[in-house]
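In: Provided below for reference: sequence and predicted model.
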Amino acid sequence: MLTLHEKSRDDTVALMADIGRRARAAARPLAIAAAERKHAALFGMAQAILRHEQDILDANAIDIRNGREAGLSAASMDRLKLDPARIRAMADGIREIAALGDPVGDVIAAWDRPNGLHIERVRTPLGVVGVIYESRPNVTADAGALCLKAGNPVILRGGSDSLNSSAAIHACLVEGLKAAGLPEDAIQLVPTTDRAAVGEMLKGLSGNLEVIIPRGGRSLVERVQSEARVPVFAHLEGICHLYIDRSADLDMAVKIAVNAKMRRTGVCGAAETLLVDRAAAGTHLVPILEALRAAGCEIHADAEALRLYADAQPATDADWVTEYLDAIIAVKLVDGVAGAIEHIETFSSHHTEAIIAEDATAVDRFFNEVDSAILLHNASTQFADGGEFGMGAEIGIATGKMHARGPVGVEQLTSFKYRVRGSGQVRP
């Protein structure tokens, strides 16, 4: 198990420097590790998680108790909580990652030049990845497994609220590495709650860190994006929209709206704003809102929607830019797909948006004009998840446009190099 390091800031700086050096030392052997060895390590990790289920639950119980005493929100407690089903899901996710093709060495493209040179673009590991996250202990397993599959050492800095759970999971990951003969330093968990550790990661650990992936609340992500001296894959918020078109099947719209908002309110893919075509207000609005209300959702409606459905609170300007992560949804009537697109482009965080419609023209316009990382048609926004995309798991959803966008899975954790084969060519 992890030994907690709580000393002076100088000691934390030295600790992080050592972690960075050890991760860098693990980079080359991991980058050239055979696919079979990584596969064995991943299966060993999954088995260890199942074998140590009770240890993980016991550690999580400590975090849950501490979280209650600290007054964590219901959404934070949901993200923090582990149970047997979630532990099995962690193990299943690792096995799914193991079953994916090994990206390292994959030829992305190849072509021949008139001079006879044969050129290939080939996937390579990124190098040492830093992941800074809050609450969700399952990120420890997801990030560790994904980075290993892509041949990257990873430095994990979990939140103080989930440190015991993360440590128990990390011990299982190390078990898998050892059994497969891979460097234990390939997956390291920062053993301190000292915030100075985050500062050292943002500085790049003396050039040893290639990229940082923050996963957490707005304040964490803003700090990372503001202070990081290395590239960042991140999103600030998941202000996700669900648009109900006049052509939407009503039963489908009701089912999807309830799922998109209420399946798990604390995930970044939960719908936060419901946009309803004004032309469908008389048929669709009330049944959808009644179903949401029956599921326990609080509704904040604009003035027009409020006149049609009185069991709601008046929406304010703040509602359109709020990621609730709770059983609350903002509702607005709009002028068809054009009105929905205008609202989304004004207020979206460019994470995930969905349209419920049978009109192919409306769907095509929505897909062509909305500039968000994930767009869905006739499906819940809660499918914004790497596991649901067949990636096994994800480290997060990137909403930027450089290198990675959408779920950050194995392929997004690679770079590439060029291999050029000649037969004696020289350049004139």
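Out: Yep, it's here. Numbers count the residues shown, from 1 in each chain.

In: Show me where the stretch 101-250 of the chain has its strands.
Out: Secondary structure of the stretch 101-250 of the chain by DSSP state E, counting those that start in this stretch: the strands cover 107-112, 118-125, 129-133, 154-157, 187-189, 211-215, 240-244.

In: and Glu345, what does it touch?
Out: Val370, Asp371 (C-beta atoms under 8 Å, 6 or more residues apart in numbering). All C-beta atoms are positioned from the backbone trio N, CA, C, and that covers glycine.

In: Assumed it was part of a helix.
Out: Yes - assigned with DSSP: H, G, I helix; E, B strand; the rest coil, Glu345 falls within a helix.

In: Bridged to Tyr133, which residues?
Out: Beta-bridge pairing for Tyr133 (DSSP bridges): Arg215.

In: Determine the number of other residues adjacent to it.
Out: By the criterion of other C-beta atoms under 10 Å, Tyr133 has 24 neighbours.

In: any idea which element Asp311 lies in?
Out: Following DSSP states H and E, there is no helix or strand that holds Asp311.

In: wait, which of the strands of the stretch 101-250 of the chain is closest to Asp92?
Out: strand 187-189 (18.8 Å; C-beta to C-beta).

In: Are there helices or strands packed against that closest one, and which ones?
Out: helix 9-31, helix 138-149, strand 154-157, helix 163-180 (3 or more C-beta pairs under 8 Å, 6 or more residues apart in numbering; DSSP states H and E).

In: Could you tell me the angle between the last one and strand 129-133?
Out: Angle of helix 163-180 versus strand 129-133, following axes from the mean of the first three to the mean of the last three C-alpha atoms, to 10 degrees, is 150 degrees.

In: quick one: average confidence on helix 163-180?
Out: For helix 163-180, mean pLDDT is 97.

In: Domain boundaries for the protein, per the record?
Out: Following automatic domain parsing, one gets these domains for the chain: 9-233+408-420, 240-383.

In: what ranges of this protein fall below the confidence cut-off?
Out: Applying pLDDT under 70 to the chain flags the ranges 1-8, 236.

In: Please tell me how far the residue nearest to Ile328 when sequence neighbours are not counted sits from Leu289.
Out: Of all residues not flanking Ile328 in the chain, Glu298 sits nearest, at 4.6 Å (C-beta to C-beta, 6 or more residues apart in numbering). For Glu298, the distance to Leu289 equals 11 Å [C-beta to C-beta, to the nearest Å].

In: okay, the two: which has more neighbours?
Out: For the pair Glu298 and Leu289, the greater number of neighbours falls to Leu289 (24 against 14), based on other C-beta under 10 Å.

In: Give me the three-state assignment for the more buried one.
Out: When the rule is three-state DSSP, Leu289 gets the label helix.

In: List just the one of the domains of the chain that sits closest to Gly390.
Out: Within the domains of the chain, the stretch nearest Gly390 is domain 9-233+408-420; the backing value is 8.2 Å (C-beta to C-beta).

In: now what about stretch 44-62, what contacts it?
Out: Stretch 44-62 has contacts (C-beta under 8 Å, 6+ apart) with 80-84, 87-88, 90-92, 94-95, 98, 137, 141, 144-145, 164-165, 167-169, 171-173, 175-177, 179-180.

In: 6 Å - rerun?
Out: Under the contact criterion C-beta atoms under 6 Å, 6 or more residues apart in numbering, stretch 44-62 has outside partners 82, 87, 90-91, 94-95, 164-165, 168, 172-173, 175-176, 179-180.

In: Closest one of those residues to Val129?
Out: Set against Val129, the nearest of the contacts of stretch 44-62 by C-beta to C-beta is Leu173 (14.2 Å).

In: Just confirm the closest one contacts Gly144, I think it does.
Out: Yes - using C-beta atoms under 6 Å, Leu173 is in contact with Gly144, at 4.6 Å.

In: Show me whatever sits in contact with both of the two.
Out: Residues within reach of Leu173 and of Gly144 at once, by C-beta under 6 Å, 6+ apart, are Ile187.

In: Columns distance to Arg24 on top of the strands of the stretch 101-250 of the chain, output as a markdown table?
Out: Shown next, in a markdown table, are the strands of the stretch 101-250 of the chain (distance: least, C-beta to C-beta, whole Å):
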| stretch | distance to Arg24 |
| --- | --- |
| strand 107-112 | 26 |
| strand 118-125 | 12 |
| strand 129-133 | 12 |
| strand 154-157 | 10 |
| strand 187-189 | 11 |
| strand 211-215 | 14 |
| strand 240-244 | 38 |
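
In: Buried ones only from the contacts of stretch 44-62, please, as a ChimeraX command.
Out: Command for ChimeraX that selects the buried part of these, burial taken from 16 or more other C-beta atoms under 10 Å:
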select :82,87,90,91,94,95,164,165,168,172,173,175,176,180
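
In: Greatest separation within the contacts of stretch 44-62: which pair is it?
Out: Asn164 and Ala180 (25.9 Å).

In: What are the boundaries of the helices in this protein?
Out: Here the chain has its helices, by DSSP state H, at 9-31, 35-51, 53-70, 74-80, 84-99, 138-149, 163-180, 196-203, 218-227, 250-262, 286-294, 303-308, 336-347, 360-369.

In: And the shortest one, what's buried?
Out: Judged by neighbour count (16+ other C-beta under 10 Å), helix 303-308 contains these buried residues: Ala305, Leu306, Leu308.

In: Please name every helix or strand in contact with it.
Out: strand 328-334 (3 or more C-beta pairs under 6 Å, 6 or more residues apart in numbering; DSSP states H and E).

In: Give me the contacts around the strand it packs on.
Out: Residues from elsewhere that reach strand 328-334, judged by C-beta under 6 Å, 6+ apart: 261, 273-276, 278, 281, 297-302, 304-305, 315, 319, 340, 343.

In: same check, this time on stretch 151-164
Out: Here stretch 151-164 makes contact (C-beta under 6 Å, 6+ apart) with 19, 23, 26-27, 30-31, 59, 62-63, 67, 80, 104, 125-126, 128-135, 137, 140, 143, 147, 166, 186-190, 193, 413.

In: Would you check that Arg79 makes contact with Ser135?
Out: Yes - the pair Arg79 / Ser135 is scored as a contact, 4.1 Å apart, by C-beta under 6 Å.

In: List the contacts of Glu120.
Out: Residues near Glu120 by C-beta under 6 Å, 6+ apart: Val107, Ala110, Arg419.

In: again, only using 10 Å
Out: Glu120 sits next to Val107, Ile108, Ala109, Ala110, Trp111, Phe416, Lys417, Tyr418, Arg419, Val420, Arg421 when contact means C-beta atoms under 10 Å, 6 or more residues apart in numbering.

In: Tell me who's in contact with the residue nearest to the last one when sequence neighbours are not counted.
Out: So the one you mean is Arg421. Spatial nearest neighbour of Arg421, excluding adjacent residues (C-beta to C-beta, 6+ apart): His118 at 4.4 Å. For His118, the contact set (C-beta under 10 Å, 6+ apart) comprises Ala110, Trp111, Asp112, Arg419, Val420, Arg421, Gly422, Ser423.
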